[in-house]
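*Asks:* Model the following, please.
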Amino acid sequence: MGNATTQLARALGAKHAISTTTSHAKAEEAKKRGFSEVIDLSEEGLAEGVRRLTDGYGADIVVDGVGGQILSEALGILAPDGSLTTLGYAASRETTIDVTNLIWKGASIKSFLLFSQPLSARSDAWKSITELLSSGRIVPIISKTFPLDDAANAIRYLIEGRPLGRVIVTI
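*Replies:* Residues are numbered from 1 along each chain as shown. Below you'll find the model as predicted:
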């Protein structure tokens with residue numbers, strides 16, 4: 001989700017399209033793949049990285065697919081009138097937020113659930129995405145592909161390797 005969101009932001013003209021990762025190796029791999037604004041959370045905090053990349057401005061929009069403590073940190077890096085959209089909870093369903101980050105910045109938190117969107121909105125989004133894919137402006141990142149009879153190793157690779165990109169199981 002994160003790689004795709006970053007690519008979409010860049011393709012749609014965002015001034016900054018910042019990506020995060022939890023390891024130096026994945027940060028280097030992301031940079032090799034053209035992600036110029038990467039925060040390696042093993043080396044610096046989210047707030048420090050965003051301040052560094054935005055010259056202290058912050059983020060107008062944050063899309064969080066992780067949840068937990070990172071959601072609280074992401075709320076803290078919003079620029080004035082910024083918006084945080086949450087659509088995942090891989091790290092945890094619970095977090096603690098500092099409501100002053102909402103109040104004094106005039107910020108907002110939203111949730112997003114794809115299947116609650118009208119069919120016409122999903123169709124329009126899919127059309128835009130397929131045009132970006134066809135033009136090469138966004139490129140899916142595939143870490144490794146496994147045949148179906150090796151699905152156990154695919155899951156092991158996904159859990160142990162925590163790869164950059166998707167793991168595909170072919171039928």
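
*Asks:* which of the residues in the lengthiest helix in the chain are buried?
*Replies:* In terms of residue count, the longest helix belonging to the chain (DSSP state H) is helix 119-135. With burial defined by 16 or more other C-beta atoms under 10 Å, the residues of helix 119-135 counted as buried are Leu132. The way it works is simple: take the backbone N, C-alpha and C, and place the C-beta from them, glycine included.

*Asks:* Tell me which other helices or strands it touches.
*Replies:* Identification of packing neighbours for helix 119-135 by 3 or more C-beta pairs under 8 Å, 6 or more residues apart in numbering; DSSP states H and E yields helix 2-11.

*Asks:* State the distance from the residue nearest to Leu87 when sequence neighbours are not counted to Leu119.
*Replies:* Closest residue to Leu87 apart from its sequence neighbours, by C-beta to C-beta, 6 or more residues apart in numbering: Phe112 at 4.4 Å. When distance is defined by C-beta to C-beta, to the nearest Å, Phe112 is 16 Å away from Leu119.

*Asks:* which other helices and strands contact the lengthiest strand in the chain?
*Replies:* Of all the segments assigned as strand in the chain under DSSP state E, the longest by residue count is strand 78-86. Contacts defined by 3+ C-beta pairs under 8 Å, 6+ apart place strand 78-86 against strand 59-64, helix 69-76, strand 108-111.

*Asks:* could I have that strand exported to CSV, CA atoms only?
*Replies:* Output of strand 78-86 as CSV, limited to C-alpha atoms (Å, rounded to 0.1, in the frame of the first residue of the first chain):
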residue,chain,number,x,y,z
LEU,A,78,0.8,17.4,9.9
ALA,A,79,1.1,20.9,8.6
PRO,A,80,-1.6,23.5,9.4
ASP,A,81,-5.0,22.3,8.0
GLY,A,82,-3.4,18.9,7.3
SER,A,83,-5.3,15.7,7.0
LEU,A,84,-4.5,12.2,8.1
THR,A,85,-6.3,9.3,6.4
THR,A,86,-6.1,6.0,8.1
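
*Asks:* Name the strands paired with that strand and say parallel or antiparallel.
*Replies:* Within its sheet, strand 78-86 is paired with strand 59-64 (parallel), strand 108-111 (parallel), according to DSSP bridges.

*Asks:* And the ones you listed: which comes nearest Thr21?
*Replies:* Nearest of these to Thr21, taken as C-beta to C-beta: strand 59-64 at 14.4 Å.

*Asks:* which residues are contacting the closest one?
*Replies:* The list of residues contacting strand 59-64 from outside it, by C-beta atoms under 8 Å, 6 or more residues apart in numbering, reads 5, 9, 14, 16, 18, 50, 70-71, 74-75, 77-79, 81-88.
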